[in-house]
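Trainee: 3D, please:
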Amino acid sequence: MYHCRMESWDLLAGSLLKENRLKAGLTQRALARQAGIAQSEIARIEGGKIQPSLPVLGRLLDSIGLQLQISTTLLDNRFTAAKIAASVAAELPDEDRAFRSALVLSDDLAAVTPVRLQELVVEPPPLTHNDRFDALIAAIVEDACVRAQVGPPRWVDDQDRKTDDWLVSGIEALADEARKETPPAFARHGVFVLEGELTGV
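Mentor: Next up is the predicted model:
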């Protein structure tokens, strides 16, 4: 499999063709005969002077005995809920660091399309063995799904993903205010937050 950085795309077809033609023990002339393409065109492709169309590249690679496959892997560097849960578990018992890691998930889910969001949350995250953070991760996912108008994954309803009245600020005098400001998905999981506590990682 070939992985290309942006600056090397112009050389990819020529490098791919030449490397595999040589592995197959073919000269440019022999490949030209098999593929029905002029030898001079193959030389220009391998030299990076021209770019073949996909059908031409496909015919050349078929003649060598290779199959051309195109992948559409999205390189957006967003974290899945499962990866964030593993990160949170590794950072506990430092709750401040663990909370900041959980907020990365909130930011990532807010920044993607509904389809990508579902891909990032479909895998049930491992439990962190801290009921507050298991509830927080489930609440972040459920809230993001509600905002994107997509159905949340079933795992958010697991009993292991709820906690008993976690006031994130820890300031009892702000408890009533937090209960008013907390999004419903967070309250459902027993996590109560003040406006602004879920932003600004």
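
Trainee: Could you list the low-pLDDT ranges of this structure?
Mentor: Applying pLDDT under 70 to the chain picks out residues 1-8, 72-75, 200-201.

Trainee: Quick one: residues contacting the residue nearest the centre of it.
Mentor: With distances taken as C-alpha atoms, centre = their mean, Arg78 lies nearest the centre of the chain, 4.5 Å away. Arg78 sits next to Asp108, Leu109, Ala111, Val112, Arg116, Leu120 when contact means C-beta atoms under 8 Å, 6 or more residues apart in numbering. All C-beta atoms are positioned from the backbone trio N, CA, C, and that covers glycine.

Trainee: was I right about Ile42 contacting Ala32?
Mentor: Yes. If you go by C-beta atoms under 8 Å, Ile42 and Ala32 touch, sitting 5.6 Å apart.

Trainee: Compare those two and say which is more crowded by neighbours.
Mentor: Legend: neighbour count by other C-beta atoms under 10 Å for Ile42 and Ala32, higher for Ile42 (24 against 19).

Trainee: Could you check which helix or strand contains the more buried one?
Mentor: helix 39-46 (DSSP states H and E).

Trainee: Of the contacts of Arg78, just the buried ones, ChimeraX syntax please.
Mentor: Remark: buried members of these, expressed as a ChimeraX selection using 16 or more other C-beta atoms under 10 Å:
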select :108,109,112,116,120
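
Trainee: Most widely separated two among the contacts of Arg78?
Mentor: Largest separation among the contacts of Arg78 by C-beta to C-beta: Ala111 and Leu120, giving 10.4 Å.

Trainee: Count the neighbours of Ala38 for me.
Mentor: Applying other C-beta under 10 Å, we find 11 residues neighbouring Ala38.

Trainee: Relative to Arg29, how far out is it?
Mentor: 10 Å (C-beta to C-beta, to the nearest Å).

Trainee: Hmm, Leu136 and Val156 touching each other?
Mentor: No. The pair Val156 / Leu136 is not scored as a contact, 11.5 Å apart, by C-beta under 8 Å.

Trainee: Domain ranges for the protein, per the record?
Mentor: Following automatic domain parsing, the chain resolves into domains at 6-64, 81-192.

Trainee: right, so these: which one is the most enclosed?
Mentor: Stretch with highest mean neighbour count among those: domain 81-192 (a mean of 18; mean count of other C-beta atoms under 10 Å).

Trainee: Distance across it, terminal residue to terminal residue?
Mentor: Domain 81-192 has its terminal residues 20 Å apart, counting by C-alpha to C-alpha, to the nearest Å.

Trainee: Please apply the same query to stretch 187-196.
Mentor: Start-to-end, stretch 187-196 (C-alpha to C-alpha) is 16 Å.

Trainee: ditto for stretch 145-157
Mentor: Termini of stretch 145-157 sit 13 Å apart (C-alpha to C-alpha).
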